[in-house]
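Undergrad: Okay, sequence plus prediction incoming.
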Amino acid sequence: MRSKLSLISLLLVLSLGIGACSSYNKLLKSNDLEKKYTAALAYYKKKDYDKAGQLFDELLVAFKGDERFQEIYFYYSYCKYGSGELIMASYHFKNFYESFPTSEKAEEALYMHVYCDYLESYPYFLDPSVTRMAMDNLQLFVNIYPASPHVEECNKYMDDLRSRLRMKSLESAKLYLKMQDYQAAILAFNNTIKDYPELENKDEIESTLIRCQLKLAENSVDSKKAERFRDVKPMVEDFQRRYGISNKYYPLVQSYYAKSIEGLNEVALGGGYAHLDRGQYARAAETFKAQRNQEGVNNNDQLQYLVVRSFFKAAKAKKDNSYYQKAIDEANAFLAEYGEKNTYSNKVKNYKKKAEKALI
């Protein structure tokens, strides 16, 4: 008995549905515009936007030039929005605004246009051009209707879109860092800081920027290493000035600075050692001596010791007493500046003694 009643209920529902579809199809084929108009409004009020939209679409052609055309077009635009066709809804709301700028619905139409663009904007990791366009349109609405009740909403939407662009910019910079393209990462991080001064973790980003500069220097060709290592120092000083030594990233930043000094020291030693390896002792001495005057180098005692040693080796190799005298002069300069308790003092005194003995 129950199964029979269920079957009867199902057939009744199906027949009603078929009847409703049949009735709607007849309405679409009908030439009675007023009946279509009334039905379209009824469907719209029931939020059946698909059916209402189809009817309004037909009425747009039939009512062109009629005083109700504006109303029909406005409802049609909302049907597109209600059906989730945001791109088409945005287009039609914008077209309504441009076609009827003096209409009492113009403000609402423009707002719905920019709101649809906001809803249609992409997540931060996709093409940001759509997001930027949506932001521009929201700002345009605020500029045209500064007293609109929608201004607060528009500002909220713009903040959301700006946060997506900020995230996109930051993630792009991090991607360059991950790819070890340090020069591109530096540019990207700098642009992020410049374009989004409201960054909450600005200190972390600036510490990462210093790390990128250090890595760039370490991976540079020899001719650019020294300059790029020296660029770390002003960045560290600026960080300390901005955030102070109590900042949680300051110890990390200081470690980057220490590594940059180590890098400068290695650069200072590298050229001289290259000459030593080739047996060019006099050139090695002059190279070590020149590096003592370079900004940021802090192993000057080691360099001065190597000057003494290299001149001594040049004198022995070339059997030229003038180099012994240079070794003695440089040894005296070392002892005058660093005294006799320096790490290299005993070695310097030993070379001086041997050079003086060779000149007797």
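TA: Nice, I can see it.

Undergrad: Run through who's touching stretch 49-58.
TA: 24, 27-28, 36-37, 39-41, 43-44, 72-73, 75-76, 78-83 (C-beta atoms under 8 Å, 6 or more residues apart in numbering). C-betas here are computed from N, CA, C, even on glycine.

Undergrad: now with 7 Å?
TA: Among residues not part of stretch 49-58, those counted as contacts by C-beta atoms under 7 Å, 6 or more residues apart in numbering are 24, 28, 36, 39-40, 43-44, 72, 75-76, 79-80, 82-83.

Undergrad: pLDDT on it, on average?
TA: Average pLDDT, stretch 49-58: 92.

Undergrad: one step back: out of the contacts of stretch 49-58, which one sits closest to V297?
TA: K80 (69.4 Å; C-beta to C-beta).

Undergrad: how deep is that closest one tucked in, by neighbour count?
TA: K80 has 23 neighbouring residues, counting by other C-beta atoms under 10 Å.

Undergrad: In contact with it: list those residues for me.
TA: Residues near K80 by C-beta under 7 Å, 6+ apart: 53, 88-89, 92.

Undergrad: same thing but 6 Å
TA: 88-89, 92 (C-beta atoms under 6 Å, 6 or more residues apart in numbering).

Undergrad: what about the most centrally placed residue in the chain, helix or strand, and which?
TA: Most central in the chain under C-alpha atoms, centre = their mean is S169, positioned 2.2 Å from the mean C-alpha point. Assigning secondary structure by DSSP states H and E places S169 in helix 151-178.

Undergrad: Who are the packing partners of that helix?
TA: helix 129-144, helix 182-195 (3 or more C-beta pairs under 6 Å, 6 or more residues apart in numbering; DSSP states H and E).

Undergrad: Okay, domains of this protein per the record?
TA: Following automatic domain parsing, the chain resolves into domains at 31-162, 279-360.

Undergrad: Apart from its neighbours in sequence, what residue is nearest the residue nearest to the centre of the chain?
TA: With sequence-adjacent residues excluded and distances taken as C-beta to C-beta, 6 or more residues apart in numbering, S169 is closest to T192, at 4.4 Å.

Undergrad: Could you count how many residues lie near that neighbour?
TA: 24.

Undergrad: got the contact list for it?
TA: Taking C-beta under 6 Å, 6+ apart, one finds 169-170, 173 in contact with T192.

Undergrad: E206 now?
TA: E206 sits next to F239 when contact means C-beta under 6 Å, 6+ apart.

Undergrad: Same check on K215?
TA: Contact partners of K215, counting by C-beta under 6 Å, 6+ apart, are Y182.

Undergrad: so it is in which element?
TA: Following DSSP H and E, one finds K215 within helix 202-218.

Undergrad: now N293, what's its secondary structure?
TA: On the three-state scheme (DSSP: H, G, I helix; E, B strand; the rest coil), N293 is labelled coil.

Undergrad: okay, it: pLDDT?
TA: For N293, the predicted pLDDT is 71.

Undergrad: what's the following helix or strand after the helix or strand containing L335?
TA: Following DSSP H and E, the helix or strand that holds L335 is helix 321-338. Towards the C-terminus, the helix or strand next in line after helix 321-338, according to DSSP H and E, is helix 345-358.

Undergrad: Thanks again, I'm all set now.
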